[in-house]
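*Asks:* Model the structure of this input:
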Amino acid sequence: MKSKFDIKDNRPFSEKAKSFFQSMLFWRGRRKGMIHTRSIEWRDFRYIFFPKGFHEKYGYLGAIPWDESGPLFNAIYPLVLAMDYEAKPKWCPRWFLRFLDVFGNDKSIVRVRNRKLHNLHRKLTKGMLMYDYKTKWTYYDLRISIAAPSHLQDLSSAIEDRFYKTGYREELVERIKKIDPDLAKDISWKSLETLEDTIKRLENENENENETKD
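*Replies:* Residues are numbered from 1 along each chain as shown. Coordinates of the predicted model:
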């Protein structure tokens, strides 16, 4: 049964064909309501056939990290590879998925340039997409938003949890090091609970010493 929200395209074939070719090679972007598609450029073909770096190679998956250095990229790297393994059909080359990303998705996670190509991209990739990744309250509070099966969602959550605990540990050790550098070396490997108790004890001792001096 079709959904009552489905919209039937009653335009004549000639108008559909014109719209299709307008969305293709070198055509300027078009405005349709609140959506404005981008103009196709030569660099889009370079992205499709000769991708530069990790971000462009897997760009068909959505918001892939640009910077290939640092802990944030290293944390998300295995998730992208796992999504690519699940999303890309074995018989389908990545350049074709990048082609659909440009001419179907307008190289965007929110716009649609051509509905048929967009739907084909979704069908081939099983709808998998990385919508966003960011750190919120602290540099180690990583939030990853993806559309993927539950086992990849579990992997994403595990990465977030590991990234948070690693960053939080480093922060606690640095705070201890400022008060007692020698102690920081001895307990840096211990549990987060031990580090939290230690920093509380050291800060309380410092506060009591300062009150005594006053």
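
*Asks:* domain assignment for this structure?
*Replies:* 36-148, 161-214 (automatic domain parsing).

*Asks:* Show me how far the first one is from its chain's centre.
*Replies:* Yep, that's domain 36-148 we're talking about. Offset of domain 36-148 from its chain centre (C-alpha atoms, centre = their mean, to the nearest Å): 8 Å.

*Asks:* First residue to last residue on that domain, what's the distance there?
*Replies:* 28 Å (C-alpha to C-alpha, to the nearest Å).

*Asks:* need the longest helix for this protein.
*Replies:* helix 150-179 (DSSP state H).

*Asks:* Summarise which helices and strands that one is packed against.
*Replies:* In terms of contacts (3 or more C-beta pairs under 8 Å, 6 or more residues apart in numbering; DSSP states H and E), helix 150-179 is packed against helix 71-87, strand 142-147, helix 181-187, helix 192-213. (C-beta placed from N, C-alpha, C; glycine too.)

*Asks:* Run the angle between the last one and helix 150-179 for me.
*Replies:* In this structure, helix 192-213 runs at an angle of 30 degrees to helix 150-179, with axes from the mean of the first three to the mean of the last three C-alpha atoms, to 10 degrees as the basis.

*Asks:* Check which helices and strands helix 192-213 is in contact with.
*Replies:* Using 3+ C-beta pairs under 8 Å, 6+ apart, helix 192-213 is in contact with helix 150-179, helix 181-187.

*Asks:* same deal with the second one?
*Replies:* The criterion is 3+ C-beta pairs under 8 Å, 6+ apart, and the helices and strands that strand 142-147 contacts are helix 71-87, strand 129-135, helix 150-179.
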